[in-house]
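predicted structure and sequence below. I'll ask about it afterward.
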Amino acid sequence: MSTSIKDIYATALRNTRGAELQGVHTMTTVLKGLENYPAYERVTRQHLDTTHGQIVRLDAALKAIGETSSTIKDAVTSTVGLVAGAAHAVAGDETLKNLYAAYAYQHDQIAAYRSLVVIAEAAGQSAQVPDFKTTIAEEEAGAKALSDIIETVTKTYIQRATAGAKADS
């Protein structure tokens, strides 16, 4: 059975939106434990705000093709975000693990949006491509911001943990 390019595009939009919602839930959870990491907190808050705008753009892309988001997928990805945060919490060095996961997430999203550009063009939805390229630039900036604080956060973590201070949330 063949799948239409419109179906592929709609699925890609919904999946990307779901991943963004998962990111929102994860970032919201992570923020609760960053009081000792001001740079990490600032980067996370900034990207959380950016992600809300990205979801609005994805919703507009779905609407442009007469589609909506998937309530079921939204619920599942929200739960996955909460579970991921909880898994890091019990593993020890959760602050560092969350930082690594956030950095990897940025690169995952860059790849997803680059793919979405190709799919949108194939689906005849080139009008949406500038929004996706804007998102790629935002995700690249988010990845760079996280990259720039890895060493600082790690040093702070080491200092706090070895001094017997609270290092994780």
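Done, it's in. Everything numeric in this text was worked out from a predicted model, so none of it was measured. Numbers count the residues shown, from 1 in each chain.

name the nearest residue to the spatially most central residue of the chain, ignoring sequence neighbours.
Centre of the chain computed as the mean C-alpha position; nearest residue by C-alpha atoms, centre = their mean is Gly23, 3.8 Å away. Excluding its sequence neighbours, the residue lying closest to Gly23 (C-beta to C-beta, 6 or more residues apart in numbering) is Thr51, at 5.5 Å. (C-beta placed from N, C-alpha, C; glycine too.)

what of Leu146?
In space, and not counting its chain neighbours, Leu146 is closest to Tyr103: 4.6 Å by C-beta to C-beta, 6+ apart.

tell me the secondary structure for the one you found?
At Tyr103 the chain is in helix, as set by DSSP: H, G, I helix; E, B strand; the rest coil.

what residues are up against it?
The contact partners of Tyr103, taken as C-beta atoms under 8 Å, 6 or more residues apart in numbering, are 143, 146-147, 150.

also Glu140?
Residues near Glu140 by C-beta under 8 Å, 6+ apart: 106, 110.
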